[in-house]
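K.L.:
just the structure for this:
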Amino acid sequence: MTRLLIVAGLTALIHLINTLIYGVRLAGVRTQRLALAISLFNVIFLVASTANTVQAPLLSSLVEKAINAGLGMVGRPAEVAELVKSEFYLAHLASLRADMRLVILAATGGTVLGALLIPAFVQVFSRAILLFEEAGSVPRLLGMVFFSPRRVWGYARRVRVTRKEFLRQAARRGPVMPKTFLLLNIIVTGVYTTGVLSALYAGALFPLYRSTATLLAPLVNGVATVLAATVVDPTAAMITDQALRGVRGEEDVKLMVMYLALTRFLGTILAQVLFLPAAEAIYLVARLIV
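P.N.:
Numbers count the residues shown, from 1 in each chain. Next up, the predicted model:
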């Protein structure tokens, strides 16, 4: 249980940071330093990368534990084919499914927390961008944060949270970007959230070739990668650039960030629906390969 909670916590952290990414565009528009904003956020993104590096083997170990527990009950190699039909192994699969769904739920929680923190993050990050121009380097900026925290955190006291009036206006006005763009962001998030989890669970369904099944995760994530690269990211970049050029107002970028966070939340909900079908698809492909 402790290992599962660690995995869930790391998953929540990863999705929290991935949600805060949306606020980087708004901070870049406010400070008129978009390239610098994206570059500085890469420092924060290292935290998510590190968390992902730790999370992956822990998550894999949960699956291996369930598989090995089942294989330990097999007396002869010929019986392995019947393993997944045994009540003992089916019970382990049910427990593993519950664990996987808890991890997806943690992704939803991290996304919600990240969305709530976006207004505060934009304010503090905007200040950090301006401080970087004074510091001239990331190490010096970090030194200012640690040794002169009032220069950054004092600014956070003036954070303006998203007001109810703005949310009402946004609801009346509707999205300022193509609805297809928002729909695809839901799909992309859903697929990314469940891709690796589904591949790991497919490995449990096909224990003798679990490595093959696990390495088929790109089969699921590849669809999301294509959609993100061809539709979602370019459209978000276009809206941001239009705001920088004055073609759009900052309010449009605020709306975009709000709707991206909302659709990301819906995407993590969709991941719960996609989890088993994606695992079954990977399982079938793995069987065809071997």
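K.L.:
neighbours of Ala135, how many?
P.N.:
16 (other C-beta atoms under 10 Å). C-beta here means a position set from N, CA and C on the backbone, and glycine is covered the same way.
K.L.:
same check on Leu62?
P.N.:
Leu62: 19 surrounding residues under other C-beta under 10 Å.
K.L.:
which ones are touching Ser60?
P.N.:
Applying C-beta atoms under 8 Å, 6 or more residues apart in numbering, we find Ser60 in contact with 200, 214.
K.L.:
again with Glu280
P.N.:
Taking C-beta under 8 Å, 6+ apart, one finds 202, 205 in contact with Glu280.
K.L.:
helix or strand for it, which one?
P.N.:
Per DSSP states H and E: Glu280 is located in helix 250-289.
K.L.:
could you pull out the buried residues of that helix?
P.N.:
Within helix 250-289, the residues that qualify as buried are 252-272, 274-276, 278-279, 281-283, 286, counting by 16 or more other C-beta atoms under 10 Å.
K.L.:
below-threshold pLDDT in the chain: ranges please.
P.N.:
Within the chain, the stretches with pLDDT under 70 are 1, 70-84, 144-176.
K.L.:
ok, how many other residues are close to Pro139?
P.N.:
Neighbourhood size, Pro139 [other C-beta under 10 Å]: 9.
K.L.:
any idea how far it lies from Arg127?
P.N.:
Separation of Pro139 from Arg127 (C-beta to C-beta, to the nearest Å) stands at 18 Å.
K.L.:
for stretch 210-219, measure first residue to last.
P.N.:
15 Å (C-alpha to C-alpha, to the nearest Å).
K.L.:
what is the burial count for the closest residue to Tyr209 other than its chain neighbours?
P.N.:
Leaving aside its sequence neighbours, Tyr209 sits nearest to Val290 (C-beta to C-beta, 6 or more residues apart in numbering; 5.0 Å). Look at Val290: counted by other C-beta under 10 Å, it has 9 neighbours.
K.L.:
I'd assumed Arg210 was in contact with Val290.
P.N.:
No: taking C-beta atoms under 8 Å as the definition, Val290 is not a contact partner of Arg210, at 11.0 Å.
K.L.:
next one: the nearest residue to Val24 once chain neighbours are set aside from Val47, what distance?
P.N.:
Distances taken as C-beta to C-beta, 6+ apart place Phe41 nearest to Val24, at 4.7 Å, with adjacent residues excluded. In this view, Phe41 and Val47 are 11 Å apart by C-beta to C-beta.
K.L.:
the two: which has the busier surroundings?
P.N.:
Counted by other C-beta under 10 Å, Phe41 and Val47 do not tie: Phe41 has more neighbours, with 22 against 13.
K.L.:
does the more buried one lie in a helix or a strand, and which?
P.N.:
If you go by DSSP H and E, Phe41 is part of helix 34-71.
K.L.:
just checking, next helix/strand downstream of that helix?
P.N.:
Remark: after helix 34-71, the chain's next helix or strand is helix 87-135, criterion DSSP H and E.
K.L.:
list the buried residues for stretch 234-246?
P.N.:
Across stretch 234-246, burial judged by 16+ other C-beta under 10 Å covers 235-236, 239-240, 243-244.
K.L.:
export these to CSV and tack on secondary structure and distance to Val220?
P.N.:
Formatted as CSV, the buried residues of stretch 234-246 follow (DSSP: H, G, I helix; E, B strand; the rest coil; distance: C-beta to C-beta, whole Å):
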residue, secondary structure, distance to Val220
Thr235, helix, 23
Ala236, helix, 23
Ile239, helix, 28
Thr240, helix, 29
Ala243, helix, 34
Leu244, helix, 35
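K.L.:
right, I'll leave it there.
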